[in-house]
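Participant: next input, structure requested:
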Amino acid sequence: MDESSIRLKVQKELSPRRFQHVCGVVQMAEELAKRFGSDVEKARLAAWIHDFAREWPVERLTQTAKESGVDPSFFEVKELLHGPIAAANAPEWFGIEDEDVRNAVRYHTSGRPGMSLLEKIVCLADAIEPGRSYPGVEQLRQIAEHDLEEALARQMDGTIQFLIKCNQPIFPLTVLARNELWEQVQTKKIRTGGSVSSFST
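Facilitator: Next up is the predicted model:
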């Protein structure tokens, strides 16, 4: 299935508001891929399908996740299921077999330790696409001009803080991903003699 066909299929599945978000993620994923040297086509494909099941009711998400063999740990936080569902079914629904693309879709909400460059790009693009307007997003965009890992680490910090404030569960992979990203940032700063950006999110 070519990109235009995937785009149409996604558009039919989503509300106009959600589809507009997806278009923004595609745009941002392409920008980040070009900036940090990732595969642009793969970034766009992952961005197109990342929210395909985002608006499904919980019952459909749960049933499809079970049928698709989604890792049971994702059932702990139902808001995460749409990514693994789209990833598991990407070969059948979109003709996408590439494992890096599918992992970028699978972990775009949670993150995970050992994220590939493409996974980082799609995860961050989802958070800072042009339609996002939460407090601190402009600072994240500024950091993303030069440091992918720091921008993503700070974005995860913001998400974790928000979840704590709302008494919501925090997926363990997100904490592990956040810790690893900050290690990468600090290692990079030590190596280059730089300093961590002073923005607060």
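
Participant: pLDDT weak spots in this structure?
Facilitator: 194-201 (pLDDT under 70).

Participant: now with 90?
Facilitator: 76, 188-201 (pLDDT under 90).

Participant: which residues in it form helices?
Facilitator: Along the chain, the segments classed as helices by DSSP state H run 3-13, 16-36, 40-49, 58-67, 82-94, 99-106, 117-128, 137-143, 148-165, 172-192.

Participant: which of the ones you listed sits most buried?
Facilitator: helix 117-128 (a mean of 26; mean count of other CB atoms under 10 Å). Every residue, glycine included, has its C-beta placed from N, CA and C.

Participant: thinking again about what came up before, format the helices of the chain as TSV; extra columns: distance to Phe74.
Facilitator: Listed next are the helices of the chain as TSV, based on distance: least, CB to CB, whole Å:
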stretch	distance to Phe74
helix 3-13	20
helix 16-36	20
helix 40-49	17
helix 58-67	7
helix 82-94	5
helix 99-106	9
helix 117-128	15
helix 137-143	25
helix 148-165	16
helix 172-192	9
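
Participant: how many residues are close by the closest residue to Gly24 other than its chain neighbours?
Facilitator: In this structure, Gly24 finds its nearest non-sequential neighbour in Glu129, 3.4 Å apart by CB to CB, 6 or more residues apart in numbering. When neighbours are defined as other CB atoms under 10 Å, Glu129 has 22 of them.

Participant: these two touch, right, Glu129 and Gln27?
Facilitator: Yes: using CB atoms under 8 Å, Glu129 is in contact with Gln27, at 6.8 Å.

Participant: and the helices of the chain: which comes nearest Ser73?
Facilitator: helix 172-192 (7.6 Å; CB to CB).

Participant: so what touches the closest one?
Facilitator: Residues from elsewhere that reach helix 172-192 (CB atoms under 8 Å, 6 or more residues apart in numbering): 73, 107, 110-115, 147, 149-150, 152-153, 156-157, 159-160, 194-196.

Participant: can I get the CA coordinates of that helix in PDB?
Facilitator: The C-alpha trace of helix 172-192 is given here as PDB (Å, rounded to 0.1, in the frame of the first residue of the first chain):
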ATOM      1  CA  PRO A 172       7.300   1.400  33.700                       C
ATOM      2  CA  LEU A 173       8.800   1.600  30.300                       C
ATOM      3  CA  THR A 174       8.300   5.400  30.200                       C
ATOM      4  CA  VAL A 175      10.300   5.800  33.400                       C
ATOM      5  CA  LEU A 176      13.100   3.600  32.100                       C
ATOM      6  CA  ALA A 177      13.100   5.400  28.800                       C
ATOM      7  CA  ARG A 178      13.300   8.800  30.600                       C
ATOM      8  CA  ASN A 179      16.200   7.700  32.700                       C
ATOM      9  CA  GLU A 180      18.100   6.300  29.800                       C
ATOM     10  CA  LEU A 181      17.500   9.500  27.700                       C
ATOM     11  CA  TRP A 182      18.900  11.700  30.500                       C
ATOM     12  CA  GLU A 183      21.900   9.400  30.700                       C
ATOM     13  CA  GLN A 184      22.500   9.900  27.000                       C
ATOM     14  CA  VAL A 185      22.100  13.700  27.300                       C
ATOM     15  CA  GLN A 186      24.600  13.900  30.200                       C
ATOM     16  CA  THR A 187      27.100  11.700  28.400                       C
ATOM     17  CA  LYS A 188      26.800  13.800  25.300                       C
ATOM     18  CA  LYS A 189      27.200  17.100  27.300                       C
ATOM     19  CA  ILE A 190      30.300  15.700  29.100                       C
ATOM     20  CA  ARG A 191      31.800  14.600  25.800                       C
ATOM     21  CA  THR A 192      31.200  17.900  24.100                       C
END
